[in-house]
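Trainee: This is the structure alone, sequence omitted:
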């Protein structure tokens, strides 16, 4: 009982500290906020770091069925706005962020209990030390945002916990958590399948209901993907002309005769790719590339480019233009257009340090950890190494084939976050092993 009270006080102190350290960190609107907020709130200014972070909600909400993107995240946000509208007409972003930070912290603490029983004071210190990378400005800014990418922050940690600890109605809980992620962004649709494979590969003797739940979650995600057609034409065009064809051009690979070379590297809004700046306004007059090619664009054409040269799939993560995107200082097209605003020095420095330490090597490290997990199959937590490692490394390919280089920096958010969570779990596993070894030595010395 005393240990539980200490833990509660510890979490509250840590939560208040996190709020204090991140009070001026939030994400900017790159014009995507309307996808989740237009049913209950007016327009939020575009890429403006000086706006107030509380907005007046509409007197009459539009029906939930009129959401631009009918996803789990947008539904959750709509329901939250509906509840607070009973108390106030103002939507305070930082108030919502504070509550989400508390939930996020609780999930990480619960996850850490898989490794520590918190019978020692050092356990609290180690937990505090290891979660620092998970509370960087790059992560906390997305918690203080309306970007659907943030769904992974407050679902992945508890999902990992449920995969390792028996909970009541575990199959149902697993279905809800996996579906929450997979049905929020088409980019995450395959996560239930990754989890299912992870449980099978590591010979998990789990209730068959869990396998059924994950399969149903995957099927539901496929249904959602098949009905998410509002931005598909844009994505297909970007996948071709701002992705695969641009990759060929940058790497001096001959284009197919059917490809219009003048349109390569130009997005639907006349932004032109630039290696040094990220993007620039196309200096030539608008030539209607999207209007001419969106009807014949397809994801299969992007895949075909790499199927002709399969070796390029292996070297894709090391492409210089992609490595420029593999940082947590997220930007929108041009490198100067930062996705988040932060005047909180400590957590901003954490983001910088992560980029300095990992740089463009996150993909490679994640793949190595996946391979390492096979040698640790006797450890019940090794499946988390596999699941998070596969999800993190595969996100690079999903992002590239989904929309090419365009806005790839933000599209790699889930890759970076799942990598950070993966490192946290690996460090906790290492600390747990060292504690057990020290305890065994202590017992032997006493004998």
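Mentor: The structure has been received and is ready for your questions. These numbers were taken from a predicted model, which means no experiment stands behind them. Residues are numbered from 1 along each chain as shown.
Trainee: any idea how far residue 282 lies from residue 328?
Mentor: Distance of residue 282 to residue 328, computed by CB to CB, to the nearest Å: 29 Å. For glycine as for every other residue, the C-beta is placed from the backbone atoms N, C-alpha and C.
Trainee: With neighbour numbers in mind, choose between the two.
Mentor: residue 328 (26 against 17; other CB atoms under 10 Å).
Trainee: Could you double-check that the more buried one sits in contact with residue 134?
Mentor: No. Using CB atoms under 8 Å, residue 328 makes no contact with residue 134, being 11.7 Å away.
Trainee: now the protein, which segments are flagged as low pLDDT?
Mentor: Applying pLDDT under 70 to the chain flags the ranges 1-2, 204, 285-287, 441-447.
Trainee: what residues go with each domain of it?
Mentor: 2-229+343-440, 232-310+320-325 (automatic domain parsing).
Trainee: now the helices: where do they sit in the stretch 151-300 of the chain?
Mentor: Taking DSSP state H, counting those that start in this stretch as the test, the helices found in the stretch 151-300 of the chain are 156-164, 170-182, 191-201, 208-227, 232-239, 245-250, 289-293, 299-307.
Trainee: of the ones you listed, which approaches residue 75 most closely?
Mentor: Shortest distance between residue 75 and the helices of the stretch 151-300 of the chain, using CB to CB, is found for helix 170-182: 9.8 Å.
Trainee: and that closest one, what does it pack onto?
Mentor: Packed against helix 170-182 by the contact rule (3 or more CB pairs under 8 Å, 6 or more residues apart in numbering; DSSP states H and E) you find helix 72-84, helix 156-164, helix 191-201, helix 208-227.
Trainee: quick one: contacts for the closest residue to residue 67 other than its chain neighbours?
Mentor: Once flanking residues are discounted, residue 67 sits nearest to residue 74: 5.0 Å by CB to CB, 6 or more residues apart in numbering. Residue 74 is in contact with 35-36, 67-68, 148, 184, counting by CB atoms under 8 Å, 6 or more residues apart in numbering.
Trainee: quick one: which of the residues you listed is nearest residue 60?
Mentor: For those, the nearest to residue 60 is residue 67 (15.4 Å; CB to CB).
Trainee: which of the contacts of residue 74 lies closest to residue 46?
Mentor: residue 35 (13.5 Å).
Trainee: Show me the strands in this protein, by range?
Mentor: 25-27, 54-56, 90-92, 271-274, 278-281, 340-342 (DSSP state E).
Trainee: now the fourth one: how far from the chain's centre is it?
Mentor: Once both centres are worked out by CA atoms, centre = their mean, to the nearest Å, strand 271-274 turns out to sit 25 Å from its chain's centre.
Trainee: Over to the third one?
Mentor: Mean-position distance between strand 90-92 and its chain equals 25 Å (CA atoms, centre = their mean).
Trainee: The longest helix seen in the chain - contacts with which helices or strands?
Mentor: Secondary structure of the chain read by DSSP state H shows that its longest helix is helix 413-446. Judged by 3+ CB pairs under 8 Å, 6+ apart, helix 413-446 is in contact with helix 93-112, helix 121-130, helix 137-143, helix 156-164, helix 362-375, helix 382-403.
Trainee: deepest of these, which one?
Mentor: helix 137-143 (a mean of 27; mean count of other CB atoms under 10 Å).
Trainee: returning to what we had before: turn the buried ones among the contacts of residue 74 into a named ChimeraX selection, would you?
Mentor: Selection of buried members from these for ChimeraX, criterion 16 or more other CB atoms under 10 Å:
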select :35,36,67,148,184
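Trainee: how many other residues sit next to residue 92?
Mentor: 14.
Trainee: OK, contacts around it?
Mentor: 53-54.
Trainee: residues touching residue 151, list them.
Mentor: Taking CB under 8 Å, 6+ apart, we find residue 151 in contact with 72-73, 180-181, 184-185, 188.
Trainee: I meant to write residue 105 there.
Mentor: 11, 14-15, 18, 131.
Trainee: can you redo the helices and strands packed on helix 170-182 as TSV with distance to residue 309?
Mentor: Shown next, in TSV, are these (distance: least, CB to CB, whole Å):
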stretch	distance to residue 309
helix 72-84	37
helix 156-164	34
helix 191-201	26
helix 208-227	27
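Trainee: mind checking which of the ones you listed is nearest residue 351?
Mentor: helix 156-164 (18.8 Å).
Trainee: and the closest one, what other elements does it pack with?
Mentor: helix 93-112, helix 170-182, helix 191-201, helix 382-403, helix 413-446.
Trainee: and the angle for that helix with helix 382-403?
Mentor: 140 degrees (axes from the mean of the first three to the mean of the last three CA atoms, to 10 degrees).
Trainee: Could you tell me the angle between helix 156-164 and helix 191-201?
Mentor: Using the same axes, to 10 degrees: helix 156-164 against helix 191-201 is 30 degrees.
Trainee: Use 10 as the first number for this chain going forward.
Mentor: In the new count, where the first residue is 10, that last one comes out as helix 165-173.
Trainee: Any idea how far helix 165-173 is from the middle of the chain?
Mentor: The answer for helix 165-173 is 15 Å, by CA atoms, centre = their mean.
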